[in-house]
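Novice: Okay, predicted coordinates and the sequence, questions at the end:
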Amino acid sequence: MFKRVPGTKDILPDETGHWQVIEEAARNIFSLYNYREIRTPIIEEASLFNRTLGTTTEIVQKQMFLIHNQDDLYALRPEGTASICRSYLENNLDKTSAFIKLFYIGPMFRLERPQKGRLRQFHHIGCEAIGSQEAALDIEVISLADQLLKSFAITGYNIKINSLGCPDDRKTLSLNLKAGLHKEKQNLCPDCQLRLENNILRVLDCKNARCQEIVKTLGLRDAHLCQPCRKHFEEVKNGLNSINIPFNLEPQLVRGLDYYNRTVFEFTHPDLGSQDAIGAGGRYNNLIKELGGPADTGGIGFAFGVERLLLASKIPEDKPLNKLVYLITLGEAAKYAGINILNQLRASGIPGEMDYLGRSLKAAMRAANDAGARYVLILGEDEIKKNTISLKDMSDSTQREINLQDLTKELK
């Protein structure tokens, strides 16, 4: 018997309702903020991610699903931002819209050790706003993420923010880190010893407790920020305070991708354990230029992991009573009459189902209950003769007989 690939998950019919609640709520909130949906391919040229994420990042070095096709090298997308920026330029959206807001929902892929809330195929709900460097946009994007979590019935989360500054500020921060960490090199984990030489900002991302303690002793603040970047970050903080969105300053927050600059942020939840991030994002003011587009094209976005949203959400586990009408037929004549009745109901926008296994009335009633049906229709020879049908309301177990010509009206 074949089994699913490790790190993937079958989303079964009893679970998809929760996914649909999350997705519908997300679409509603995105529409309030004037974001439009974009759908990019799940397969891209591998060089796109090497160029945008950084060759020394964990994703590029260890986590990309690569596909070799003769002379071409493709990758299953590990995140959404690079693909959307590629699409933005390839489809000349920069020439038709000076400023654009986009959202996406779909699967991503990373080759890593599967664990709770971290799969090899996972799903993101995210957005990108491209064309502005204004701090007001940072405030809106973080408030949008906050509003999404509220709409998902998620409480108890924390918002962490930081500023990496411009590319020159990042260099200053890197030099300060190298100076502070060099004497502690032997006390760092093996990965961070390599990061110290190759990409020192990744040390701030390390989950090793010893490395985190060493970094804390450095007393990182905002000394690396130039005046314009410091002013931008102050505007972001003041704006969030003005709309009563609580946040924590986190000087060690850098995010794991090289394209981030200025504002970065992360949403965490204590119920998720050590891998506590629900989602994260930040600014990427140089990414469009890096991909061959116009300079100074500001951008900012975020993504939530849907699997993690479901772990943290308060969506009720009980199956809700739906509007399904379940038809039980008794006898051959009723079976074919029932097909016609179901066809009429569905044509009127009423969801319908019937027993296709020839079960007894008692067993068919159990099946209707398992399906979460709101109403059960019972049609037998007696009902056909009288041109009636029995209608049972599953919410209060009442049952009555009505004329067939009145059925659609009664159910509506």
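Specialist: Okay, I see it. Numbers count the residues shown, from 1 in each chain.
Novice: tally of neighbours for the residue nearest to Q121 when sequence neighbours are not counted?
Specialist: Spatial nearest neighbour of Q121, chain neighbours left out: T8 (4.6 Å); criterion: CB to CB, 6 or more residues apart in numbering. Bear in mind the C-beta positions are built from the backbone N, C-alpha and C, glycine included. By the measure other CB atoms under 10 Å, the count of residues near T8 is 13.
Novice: Contact partners for T8?
Specialist: Contacts for T8 (CB atoms under 8 Å, 6 or more residues apart in numbering) come out as L119, R120, Q121.
Novice: Name the residues that touch stretch 103-123?
Specialist: Residues outside stretch 103-123 that contact it (CB under 8 Å, 6+ apart): 5-9, 23, 26-27, 30, 35-40, 42, 59, 62-65, 76-80, 84, 124-128, 272-273, 275, 305-308, 311.
Novice: 6 Å instead, please
Specialist: Here stretch 103-123 makes contact (CB atoms under 6 Å, 6 or more residues apart in numbering) with 7-8, 23, 30, 35, 37-38, 63, 65, 76-80, 124-127, 272, 275, 305-308, 311.
Novice: and L225, what element?
Specialist: Per DSSP states H and E: L225 is located in neither a helix nor a strand.
Novice: Just to check, it is in contact with D169?
Specialist: Yes: using CB atoms under 6 Å, L225 makes contact with D169 at a distance of 5.5 Å.
Novice: which residues are common contacts for those two?
Specialist: With CB under 6 Å, 6+ apart, L225 and D169 have no common neighbours.
Novice: Skip the chain neighbours and tell me the closest residue to H124.
Specialist: Using CB to CB, 6+ apart and skipping the chain neighbours, the partner closest in space to H124 is A303 (4.3 Å).
Novice: Could you point out the helix or strand that follows the least confident helix or strand in the chain by mean pLDDT?
Specialist: Ranked by mean pLDDT, DSSP states H and E, the weakest helix or strand in the chain is helix 58, scoring a mean of 65. Going down the chain from helix 58, the next helix or strand is strand 65-69, by DSSP H and E.
Novice: Can you pull out the residues in contact with that next one?
Specialist: A46, Y74, A75, L76, F109, L111.
Novice: Go again with 7 Å.
Specialist: Outside strand 65-69, the residues within contact range by CB atoms under 7 Å, 6 or more residues apart in numbering are A46, L73, Y74, A75, L76, F109, L111.
Novice: Let me see the contact set for D222.
Specialist: Contact partners of D222, counting by CB under 7 Å, 6+ apart, are S163, R230.
Novice: Would it be right to say that it lies in a strand?
Specialist: No: counting by DSSP: H, G, I helix; E, B strand; the rest coil, D222 is located in no strand; its state is coil.
Novice: mind listing the helices for the stretch 101-250 of the chain?
Specialist: All helices of the stretch 101-250 of the chain, identified by DSSP state H, counting those that start in this stretch, fall at 135-151, 167-181, 190-198, 209-216, 227-242.
Novice: Thank you, goodbye.
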